[in-house]
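> Got a predicted structure here, sequence first:
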Amino acid sequence: MSEKETIENRLKELTSYIIQCSQTVQSSDMVDLSGMDDEIAALCERVVALPPEQAHAVQPIMAEMIAELEKLGEVLKTYQDNKTGG
């Protein structure tokens, strides 16, 4: 498996995990997100190291993951607001 394919697979796995985390939080349960930021940063560094055409091909998958991270952030904020009455 090429580096590009490995990165794509990991991005897809992370995106699925992020979606599951959002659903878990929406069910009023907490999730463990420790280490996720480091893993995402490492993946981004690996993407930057790819040849330009391969890095460009990975962008749509990265964009999907980023969109799901933004949704998770909103879900976490709503959860916190509901818990603190804010």
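Looks like it arrived, so ask away. A quick note: this is a predicted structure, and the numbers were derived from the prediction, not measured. Residues are numbered from 1 along each chain as shown.

> going forward, measure contacts between C-alpha atoms and count neighbours the same way
OK.

> Show me what the lengthiest helix in the chain is packed against.
Assignment by DSSP state H gives helix 52-84 as the longest helix of the chain. Using 3 or more CA pairs under 8 Å, 6 or more residues apart in numbering; DSSP states H and E, the elements in contact with helix 52-84 are helix 3-26, helix 36-49.

> got the angle between it and helix 3-26?
For helix 52-84 against helix 3-26, the angle between stretch directions is 10 degrees (axes from the mean of the first three to the mean of the last three CA atoms, to 10 degrees).

> So which bits of helix 52-84 are buried?
Under the neighbour-count criterion of 16 or more other CA atoms under 10 Å, helix 52-84 has 55, 58, 61-62, 65-66, 68-69, 72, 75-76, 79 buried.

> Can you pick out the most distant pair from those residues?
Pairwise distances across these peak at 35.0 Å for A55 and Y79 (criterion: CA to CA).

> Would you reformat the helices and strands packed on helix 52-84 as JSON lines and include mean neighbour count, mean pLDDT and distance to K83?
Converted to JSON lines, these look like this (neighbours: other CA atoms under 10 Å; pLDDT from 0 to 100; distance: least, CA to CA, whole Å):
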{"stretch": "helix 3-26", "mean neighbour count": "16", "mean pLDDT": "97", "distance to K83": "12"}
{"stretch": "helix 36-49", "mean neighbour count": "14", "mean pLDDT": "95", "distance to K83": "24"}
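
> Nothing else from me, thank you.
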